[in-house]
Structures are given as structure tokens and as C-alpha cells.
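Asker: okay, here's the prediction I keep looking at, along with the sequence it came from:
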Amino acid sequence: MNGGAAEAALLTEMKRLAPPTVRLGCRMIGPNDEALLLPDEVAAITSRQPAVRRASGTARSLVRCLLALEDAEEAPIGRSPAGAPLWPRGFVGSLAHDAEMAVAAIARSVHVPSLGIDVEPAEPLPDDIAALVLTSGDVLSGVDARFATRVLYSAKEAAYKAAYPLDGEILGYEHINVDLARREAVTAGGRRMRLSFCTLPRVVVLAAAVNG
């Protein structure tokens with residue numbers, strides 16, 4: 001599947017999982033996408049690894065396209081001291097990438113308190129990693145068994161991204177319980193998030209924090 005077809009296929013699935021107040025997008029990482037970084041973003045991305053800077057350029061360019069759909073002025077997507085993206089006033093969002101694809105989600109903060117997104121290849125999660133991620137409070141039913149632990153891993157990554165801006169707490173996998181059947185995640189501190197996900201052509205999980 002070529003890049004354009006891969007983007008189209010994943011975007012179709014992502015649109016099916018998007019809540020009405022959230023904009024989602026995806027983009028294949030291009031060979032020179034580090035050039036898409038704005039000057040302030042170049043300074044904020046401390047990694048000197050070309051692959052990291054390339055993926056950051058893809059993801060941030062994608063975010064700016066989504067923000068433009070909301071008539072937001074173009075602005076650099078910087079990084080906080082903790083490494084989290086900094087969003088324009090009035091917006092929340094999240095971005096992620098694997099080795100080939102970047103994904104992003106944005107919403108107006110009046111609609112959603114916080115968002116988290118993660119993308120993973122549609123492959124079984126290695127057993128040693130699954131053993132670290134899976135806890136007794138997790139429920140894996142309601143998803144293709146081949147990808148259940150991969151979705152669980154991605155859900156906990158997305159849930160952490162959504163929870164951290166609100167609570168400022170460092171969470172391990174053991175601090176987040178995920179129920180894939182009910183499409184929800186709950187942190188040890190009681191933060192609740194709605195989950196939406198697809199498993200093909202890539203695993204993408206969106207976590208949206210719930211008010212209250």
C-alpha cells in the first residue's frame with residue numbers, strides 16, 4: 001500500500017471513531033519532513049536524531065492543518081519542560097507517531113478537557129511488554145484478540161497523555177485501568193477517560209477526558 005492509500009485507509013477508520021467535537025488526522029512521515037518544523041519548534045525539539053525530528057515535523061504540520069480547519073491562527077506547537085506539546089489558547093490536543101505514520105487530535109477546550117492519542121502497528125504486542133502493561137484491573141474483551149494487548153498498551157499511552165495536563169502526575173501502566181469492552185480508562189487518582197479506537201490498518205487509540 002503506497003503512502004497516499006495508507007493515509008486514506010487510516011483516515012477513514014479514524015473518522016469513524018472521532019467524537020463530533022474532535023478533529024483527527026493522519027499523515028505518512030516523509031523523507032524531509034524535518035523541514036516542516038517552524039523555527040520555534042526547531043528550538044523546542046531537543047533530540048538530534050533525524051528520525052525524531054522528521055516525525056515531529058510531520059506531526060506538527062498535521063496539527064496546524066487541523067487547527068486551520070478551526071480558523072485558528074498558525075502558531076508553533078512548542079514543548080513544555082515535561083516534553084508535552086503546547087497548544088494555542090482555547091485548544092487541547094495530542095500527537096503521536098510510529099515509524100511510518102503520524103496522527104493528531106485537537107478540540108476546543110470548551111468541549112473536551114484534554115485529549116490523548118497513540119498510534120501503533122497492527123501487530124501483536126510482544127509478550128514481555130504485554131506482561132508489563134497488563135494488570136488485574138484491565139478488561140480485554142470487545143476487541144480482536146490478536147491485537148488486544150497492543151490496543152491496551154496504546155490505550156494506556158493515550159490515557160496518560162490525556163491525564164497528565166490535568167493532574168500533573170507521572171503514571172505507570174499499573175496506575176491506569178482500561179476496560180476495552182466499555183471503552184473507558186480510569187487512573188489511580190480517579191480521572192476518567194472515554195476511549196475510541198481502531199485496529200486496522202493501524203492501531204489508533206483516542207482518549208478524551210471526561211468532565212467532573
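Answerer: Structure's in. What do you need?
Asker: okay, CA-based contacts and neighbour counts for the rest of this
Answerer: Noted.
Asker: where does pLDDT dip in this structure?
Answerer: For the chain, the stretches with pLDDT under 70 are 1, 212.
Asker: and for L86, the neighbour number?
Answerer: 15 (other C-alpha atoms under 10 Å).
Asker: what secondary structure does the nearest residue to P88 once chain neighbours are set aside sit in?
Answerer: Leaving aside its chain neighbours, P88 sits nearest to A75 (7.1 Å; criterion: C-alpha to C-alpha, 6 or more residues apart in numbering). Secondary structure, DSSP: H, G, I helix; E, B strand; the rest coil: A75 is coil.
Asker: look up how far L37 lies from A75.
Answerer: According to C-alpha to C-alpha, to the nearest Å, A75 stands 11 Å off from L37.
Asker: and A208, by the same measure?
Answerer: In this view, A208 and L37 are 27 Å apart by C-alpha to C-alpha.
Asker: what ranges do the helices span in this protein?
Answerer: Counting by DSSP state H, one finds helices in the chain at the ranges 3-17, 39-44, 50-69, 127-133, 148-167.
Asker: so what does the last one touch, helix or strand wise?
Answerer: I take that to be helix 148-167. Other helices and strands packing on helix 148-167, by 3 or more C-alpha pairs under 8 Å, 6 or more residues apart in numbering; DSSP states H and E, are strand 115-121, helix 127-133, strand 176-179, strand 184-187, strand 192-198, strand 202-209.
Asker: other residues contacting that helix?
Answerer: For helix 148-167, the external contacting residues (C-alpha atoms under 8 Å, 6 or more residues apart in numbering) are 94, 113-120, 122-125, 130, 133-134, 140-141, 169-171, 173, 176-178, 180, 185, 187, 191, 193, 195, 197, 199, 203-209.
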